[in-house]
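**Student:** Structure for the following, please:
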Amino acid sequence: MGEEKYLLRLERITGTHKGSFMGIPPTGKAVKWMDADVVQLNSVGKCFSHEITNTGEVLVQIGQASMLNPNTQVVMQAYEKFGKGDIPGLLALCDDKVMFNIEDAMFDSKPRMFNGKAEVGKFFEELGAKIRYSKFQPTRFVADGDDVFISVAAEYTDAAGKQK
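**Tutor:** Numbering: from 1, shown residues only. This is a model prediction of the structure:
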C-alpha cells in the first residue's frame, strides 16, 4: 500500500439565517463558528474520506439544537408522512405501544387518549372525518430526551365547512 495523506483546512464561518435550512424557516439569527475539514487522500491523491467538525453548531446557534436529537428526526418523518396523507407510513414509524394524548377542542370537547397502533389509526380516521387541512406546517421541534414538542402552523376547514 502507498502512503496516505491528510489535508486539514480550518475555516471561520459567519452568516445570518435568512433562508430555509433543513426545513427550518429563517430565524434572522447571526451565526459564527470555526470548522475544520479533514480530507484523507490515497497514494495517488484521490479522496477516500472527508470529515467535518462542529456539524451541529449552526443548529445550536439558531436555537434548533433539538434537531440533533434522533427522536426529533423520527417525529419529523412522521409529520412529513401525515402531511402527505401516508397514515400507514406514519404508523409504521410508531412503536406498538404508541400513545396519543389529544387535548384539542376542535377534535373533541374533552381530552382523549389513544393507545396502540390500532387506536391511533382510528384517531387519524376520525380526524380526517372532522378536519380538512389546507395548510399543515410544523414550524418548530423542541426535544427533551424522549419527548419532542412541535409547533404547527395550520389552516383547515371543519366538518361544518367553517374555515379556521
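**Student:** Give me the contacts around stretch 148-164.
**Tutor:** With contact meaning CB atoms under 8 Å, 6 or more residues apart in numbering, stretch 148-164 is reached by 66, 69, 71-72, 75, 79, 106, 129-143. In this view, the C-beta of every residue, glycine as well, is placed from N, C-alpha and C.
**Student:** What of stretch 12-30?
**Tutor:** 31-35, 58-59, 61-64, 67, 76, 139.
**Student:** following the least confident helix or strand in the chain by mean pLDDT, which helix or strand comes up?
**Tutor:** Least confident element among the helices and strands of the chain, by mean pLDDT, DSSP states H and E: helix 57-61 (a mean of 81). Sequence-wise, the next helix or strand downstream of helix 57-61 (DSSP states H and E) is helix 70-83.
**Student:** How far off centre is the helix or strand following that following helix?
**Tutor:** Using DSSP H and E, the next helix or strand after helix 70-83 towards the C-terminus is helix 87-92. Its chain's average C-alpha position is 16 Å from that of helix 87-92, according to CA atoms, centre = their mean, to the nearest Å.
**Student:** Direction included, what does the helix or strand following helix 87-92 pair against?
**Tutor:** Sequence order places strand 99-102 as the next helix or strand after helix 87-92, per DSSP H and E. Partners of strand 99-102 in the sheet, by DSSP bridges, are strand 112-115 (antiparallel).
**Student:** buried set for the partner strand?
**Tutor:** By 16 or more other CB atoms under 10 Å, the buried positions in strand 112-115 come out as residue 114.
**Student:** Output that strand as CSV - backbone C-alpha positions only.
**Tutor:** Listed in CSV are the C-alpha atoms of strand 112-115, where the atom choice follows Å, rounded to 0.1, in the frame of the first residue of the first chain:
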residue,chain,number,x,y,z
ARG,A,112,-58.8,11.8,24.8
MET,A,113,-56.1,9.2,24.9
PHE,A,114,-55.4,6.7,22.1
ASN,A,115,-53.3,3.6,23.0
